[in-house]
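Peer 1: Have a look; sequence and predicted model below, questions after that.
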Amino acid sequence: MSGEYQRTYRAFSDNPEQFWLQQSERIAWLKKPQQAYHQDEHGFYHWFADAELNTSYLALDQHVLNGYGDETALIYDSPVTDSKRQYSYSELLEEVSKFAGVMQGLGVGKGDRVVIYMPMIPEAVIGMLACARLGAIHSVVFGGFAAHELAVRIDDATPKIILSASCGVEVNKVIEYKPLLDEAVSQAQHKVEHCVIFQRPQCYAPLSECRDIDWATAMSDAQSVDAVPVAGADPLYILYTSGTTGIPKGVVRENGGHAVAMHYSMETVYGMRPGEVFWAASDIGWVVGHSYIVYAPLIYRCATVLYEGKPVRTPDANAFWRVVEDYKVTALFSAPTAFRAIKKEDPSAQGFKQYDTSSLKRLFLAGERLDPPTYEWLKEHTQLPVLDHWWQTETGWAIACNPIGIETLPTKAGSATVPTPGFNVQVLDVHGEQCEANEHGAVAIKLPLPPGCLPSIWQNNERFKSGYLSQYPGYYLSGDGGYVDEEGYLFIMGRTDDVINVAGHRLSTGEMEEIVAAHPAVAECAVFAIHDSLKGQIPMAMVVLKDDFSGSNEEVEQQLRATVRSTIGAIACLQDIICVPRLPKTRSGKILRKNLRQLVDGEELQIPSTIDDASIFTEISEQLQSR
C-alpha cells in the first residue's frame with residue numbers, strides 16, 4: 001500500500017506526539033497545550049492535560065463569534081410524534097446557556113455529575129452541552145432503561161441531579177419514564193438532590209414537590225452563563241458499557257483529547273466539510289450518539305440530525321431516504337442492523353429510488369460487523385461508497401476506517417479497511433507476538449491510545465488494568481479477534497469474550513445468566529449468542545430445571561423472559577429459552593457455551609478433548625429439531 005494514507009500513517013508512527021500536537025491546532029483552545037500527553041502515577045495516559053478549553057464553547061460559541069450563528073446546527077425530526085424543529089447555532093447557544101444557568105442555580109458546578117435519562121429530543125442534547133458548559137460530567141443512560149440498571153448507574157456516578165422527560169415515544173407506544181425514574185431513585189443508595197423533568201404532550205408526569213423541577217418553568221426565568229474553562233484532562237462524560245461481569249463499566253472521556261479527536265475524525269474518517277449535513281442514525285445513549293450526533297458535527301460546524309424514529313415502521317422502510325431528501329444529508333452513518341431491517345421490508349430498495357438522495361455522498365456502517373450480504377446489497381442498490389469502520393465505546397471514534405479525508409482506498413467486503421492514523425493496531429497471538437498476514441489473533445492497540453480514548457474506568461483503575469492492559473503489557477486489548485491480510489486490511493471477526501452484540505447494543509451474557517439462575521426452579525443455565533439475520537446476534541438460554549420442580553417448562557420460560565426484560569430492558573430480547581436435561585461441560589465443570597452456539601447455528605462442532613460426555617450434544621440436537 002502506498003500513497004497519501006501511508007505517508008500520513010508513517011508521520012504518526014515516527015512521532016506520535018508531534019503528530020497529535022499538530023492535530024491539536026484544529027481546536028480553539030483557551031490555553032494551548034505545550035505537551036501532547038503525560039502519564040499519571042498509575043501509568044495511564046492523559047492528552048493535552050496542560051491545556052484549557054470548553055467543549056460547549058467549541059461546539060457553539062466559537063461558531064457564533066466567527067459569524068456562523070445563522071447556520072443550522074441541530075435538525076430534530078420525529079416521525080413518532082409528527083414534529084420537526086431546527087436550531088441555528090445562535091438559537092442552540094441561547095438554549096444551552098440558559099439551561100446551564102438552571103443547573104448552576106441547582107448547585108451544579110465543575111466536576112459534578114449529572115445523569116441524563118431522556119429520549120431523542122433536543123432537550124437531551126441541550127442538557128449534554130449545558131453540562132459541558134459548566135465543566136460538569138454527564139452520564140447519559142438510554143431513556144426507558146430498566147429501573148434497576150438506572151439505579152446501578154446512579155450509585156456509580158453519584159450525580160447531583162438527574163435530567164429526564166415525562167415519556168419516550170415509540171411506534172404506537174408511549175413509555176412513561178417517571179415511574180421508572182422514581183423506582184430507580186428509590187433503589188439507589190445514592191440520593192440525588194433534584195430531578196429536572198421535561199414534560200412532553202404525549203404524557204404528563206406528576207412531579208414530587210420537594211425533588212422534581214419542571215424544565216419549562218425553570219427555563220422561563222433562567223439566566224445565561226458563560227462557558228467555564230476546564231483542563232484538557234478534566235472529564236467530559238461517563239458512558240456505561242456492559243462488561244463480562246454484568247457490572248457496568250463507566251468509560252471516561254476527557255475534554256481535550258476528545259475535542260481534538262472529534263474534529264480530526266470528521267475530516268479524516270467521514271470526509272465532511274463545515275456547513276454540510278451529517279446524520280448519525282443512532283441514539284444519544286450510545287457512544288455513536290455522543291460522538292457523532294452531538295459533539296463532532298457541532299465542533300466541526302456541520303448541521304447534525306437528531307432523529308426520533310426507526311429505520312422501518314415510522315412509517316415504512318423509506319424513512320431514512322425521506323430524511324436524506326428533506327435535509328440534504330451529505331453522509332449517513334448507521335448500524336448494519338438498520339439496513340438489514342430496510343432490506344427485509346424493501347428488498348429491491350424501491351424507496352431509495354423514490355426520493356431525491358442526490359445530496360448523499362457516502363454511507364458509513366459500524367456498531368457490529370458489516371456482513372458481506374448487507375454490504376453488497378447497499379452497494380448494488382445505492383451505488384454509493386459503503387464504508388465499514390470499527391470502533392468501540394472505549395475508544396470513542398474509529399480505530400480502523402477507509403480514511404477518505406486523506407485518501408480513498410478500495411473497499412473489501414468484511415473489512416473495516418485500515419488502521420486510522422493515530423491507532424497502532426496489532427494482531428497478537430497467545431504469546432503476545434505479532435501474527436502473520438491472515439493469521440487470526442487478538443486485536444490490540446499499542447499504547448498510548450490516541451486522544452479521545454478512555455484513560456481509565458470511572459473510579460475503578462484496577463478494572464481498567466485487569467480488563468484491558470494486563471494480558472499484553474504495553475497494549476490495550478480490544479476484546480475482538482481478527483486478522484490483517486497481506487495488503488494491510490483489518491478484518492474484525494467478533495468478540496473474544498462473552499458479550500453479545502444485539503443490534504449494536506453490547507449486553508453481558510453473564511448478567512443474563514445471573515438473572516436466569518436466580519429463578520427458584522432453575523438448577524443451572526447457559527446464555528450465549530446465536531446468529532440472527534436482522535440483529536446480528538441475539539441471546540439464547542439453555543436451562544436445566546431442578547429435579548423437584550413440578551410445574552411446566554412453558555411457565556418457567558415465560559417468567560424468565562419477563563424477568564430479564566424488567567431487569568435489563570427490552571433490548572435484551574431473551575426470547576429463545578429451552579429447557580434441557582443437562583449442559584455440556586468439561587471435566588473441570590466449565591460449560592461449553594461456544595459449542596452450544598455452534599450447535600444452534602448449524603456450524604461444525606469443535607468439541608474440546610476435555611469434555612465430560614459428548615453425547616449430550618446429540619440429545620440437545622434432537623430436542624432442537626423437535627421444537
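Peer 2: Great, that's in hand. Numbers count the residues shown, from 1 in each chain.

Peer 1: which residues does residue 476 form a beta bridge with?
Peer 2: residue 445 (DSSP bridges).

Peer 1: Do you know the pLDDT at it?
Peer 2: The model reports residue 476 with a pLDDT of 98.

Peer 1: Could you pull up the contacting residues of it?
Peer 2: Counting by CB atoms under 8 Å, 6 or more residues apart in numbering, residue 476 touches 444, 445, 446, 447, 449, 453, 468, 469. Glycine gets a C-beta too; all of them are placed from N, C-alpha and C.

Peer 1: Neighbour-wise, which one of those leads?
Peer 2: Neighbour tally across the contacts of residue 476 (other CB atoms under 10 Å): the maximum, 27 neighbours, falls on residue 453.

Peer 1: Would you mind listing the residues in contact with the residue nearest to that one when sequence neighbours are not counted?
Peer 2: With CB to CB, 6 or more residues apart in numbering as the measure, residue 395 is the residue that lies nearest to residue 453, at 4.7 Å, once sequence neighbours are left out. Residues in contact with residue 395 (CB under 8 Å, 6+ apart) are 423, 449, 452, 453, 454.

Peer 1: now residue 512
Peer 2: Per CB under 8 Å, 6+ apart, neighbours of residue 512: 527, 539, 541, 564, 568, 572, 574.

Peer 1: Show me these that map onto strands.
Peer 2: Members of the contacts of residue 512 lying in strands (criterion: DSSP state E): 527, 539, 541.

Peer 1: pLDDT score assigned to the last one?
Peer 2: It refers to residue 541. 90.

Peer 1: what bridges to it?
Peer 2: With DSSP bridges as the rule, residue 541 is bridged to residue 527, residue 577.

Peer 1: Can you name the residues that contact residue 342?
Peer 2: 311, 312, 317, 320, 349, 351.

Peer 1: so what's it scoring on pLDDT?
Peer 2: For residue 342, the pLDDT comes out at 89.

Peer 1: State the three-state secondary structure for it.
Peer 2: When classified by DSSP: H, G, I helix; E, B strand; the rest coil, residue 342 comes out as helix.

Peer 1: how near is it to residue 378?
Peer 2: Relative to residue 378, residue 342 is positioned 9 Å away (CB to CB, to the nearest Å).

Peer 1: Repeat that for residue 117.
Peer 2: 34 Å.

Peer 1: Between those two, which is the more surrounded one?
Peer 2: Shown here are residue 117 and residue 378; by other CB under 10 Å, residue 117 has more neighbours (26 against 22).

Peer 1: For beta bridges, what are the partners of the residue lying closest to the more buried one once chain neighbours are set aside?
Peer 2: The shortest distance from residue 117 to any non-neighbouring residue, by CB to CB, 6+ apart, is to residue 164 (4.5 Å). On the basis of DSSP bridges, residue 164 is bridged to residue 117, residue 197.

Peer 1: just checking, residue 164 touches residue 199?
Peer 2: No: Residue 164 is beyond contact range of residue 199, at 10.5 Å (criterion: CB atoms under 8 Å).

Peer 1: quick one: which of those two has more around it?
Peer 2: Remark: of residue 164 and residue 199, residue 164 carries more neighbours, 29 against 17, as counted by other CB under 10 Å.

Peer 1: Phi and psi next, for the nearest residue to residue 63 once chain neighbours are set aside.
Peer 2: In space, and not counting its chain neighbours, residue 63 is closest to residue 89: 4.7 Å by CB to CB, 6+ apart. Note on residue 89: backbone dihedrals following degrees, to the nearest 10 are phi -60, psi -40.

Peer 1: How about residue 579?
Peer 2: Dihedral angles (degrees, to the nearest 10) for residue 579: phi -90, psi 130.

Peer 1: And the pLDDT for it?
Peer 2: So residue 579 comes in at 91 (pLDDT).

Peer 1: Over to residue 612?
Peer 2: 65.

Peer 1: about what we covered before: nearest to residue 143, out of the contacts of residue 512: which one, please.
Peer 2: residue 568 (15.0 Å; CB to CB).

Peer 1: what's the nearest residue to that closest one if we skip its chain neighbours?
Peer 2: Nearest non-adjacent residue to residue 568 (CB to CB, 6+ apart): residue 146, at 5.8 Å.

Peer 1: Hmm, that neighbour is touching residue 567, no?
Peer 2: Yes: here residue 146 reaches residue 567: they are 5.7 Å apart, a contact under CB under 8 Å.

Peer 1: for residue 90, phi and psi?
Peer 2: phi -70, psi -40.

Peer 1: OK, contacts around it?
Peer 2: Listed by CB under 8 Å, 6+ apart, the contact set of residue 90 reads 64, 69, 70.

Peer 1: ok, back up a step: which of residue 146 and residue 567 has more neighbours?
Peer 2: residue 146 (21 against 17).

Peer 1: Next up, the contacts around the residue lying closest to residue 141 once chain neighbours are set aside.
Peer 2: Once flanking residues are discounted, residue 141 sits nearest to residue 117: 5.0 Å by CB to CB, 6+ apart. Neighbouring residues of residue 117 by CB under 8 Å, 6+ apart: 140, 141, 142, 143, 145, 150, 162, 163, 164, 177, 181.

Peer 1: Inside helices: which ones of the residues you listed?
Peer 2: 150, 181 (DSSP state H).

Peer 1: Can you tell me which of the contacts of residue 117 is closest to residue 388?
Peer 2: Of the contacts of residue 117, the one sitting nearest to residue 388 (CB to CB) turns out to be residue 142, at 24.7 Å.

Peer 1: what about that closest one, how many neighbours?
Peer 2: With other CB under 10 Å as criterion, residue 142 counts 21.

Peer 1: Point out where the stretch 151-300 of the chain drops to low pLDDT.
Peer 2: Applying pLDDT under 70 to the stretch 151-300 of the chain picks out residues 242-246.

Peer 1: cool, and the chain?
Peer 2: The low-confidence ranges in the chain, as defined by pLDDT under 70, are 1-2, 242-246, 494-511, 570-572, 586-590, 608-612.
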